[in-house]
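Peer 1: attaching a predicted model along with its sequence, questions to come.
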Amino acid sequence: MQETRQNDTTAKPNAPGWYQIYFAALLETDQQKAAQLIERAKVAIRERLDDLQFAPAQNPRELQDLGSALTYLEILLDHIGNDGERLLWD
């Protein structure tokens, strides 16, 4: 039996909303669009962190994932718009 594999360019359909926005930001190759998506993802992550103050995460790793995602987005954002530099994912 052949294993079916999810397309690497598609976020998991049952992934939280913040993750889907984060995933789209990581895959965007246009610098202007990427910057906008990164900012949108950062807002979604911060909103989720605010939500977790009132209700515990269903996934025990979610807090760690949220923190890591913010770190990675900051790194990507730092590399956008630097003269002569390409995006990390180019």
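Peer 2: Done, it's in.
Peer 1: from here on, just use CA atoms for contacts and neighbour counts.
Peer 2: Noted.
Peer 1: apart from its neighbours in sequence, what residue is nearest A57?
Peer 2: Nearest non-adjacent residue to A57, counting by C-alpha to C-alpha, 6 or more residues apart in numbering: L63, 7.6 Å away.
Peer 1: and the one you found, how close does it get to A41?
Peer 2: 15 Å (C-alpha to C-alpha, to the nearest Å).
Peer 1: between the two, who's got more neighbours?
Peer 2: For L63 versus A41, neighbours defined as other C-alpha atoms under 10 Å are more numerous around A41 (25 against 16).
Peer 1: does I80 touch Q31 like I think?
Peer 2: Yes - in this structure, I80 is within contact of Q31 by C-alpha atoms under 8 Å, at 6.3 Å.
Peer 1: now stretch 44-53: buried residues?
Peer 2: The neighbour-count criterion (16 or more other C-alpha atoms under 10 Å) identifies A44, I45, R48, L49 as the buried residues of stretch 44-53.
Peer 1: gap between H79 and Q31?
Peer 2: From H79 to Q31 the distance is 10 Å (C-alpha to C-alpha).
Peer 1: I should have written L76 there, sorry.
Peer 2: For L76 relative to Q31 (C-alpha to C-alpha), the value is 10 Å.
Peer 1: same check, this time on N14
Peer 2: For N14, the distance to Q31 equals 28 Å [C-alpha to C-alpha].
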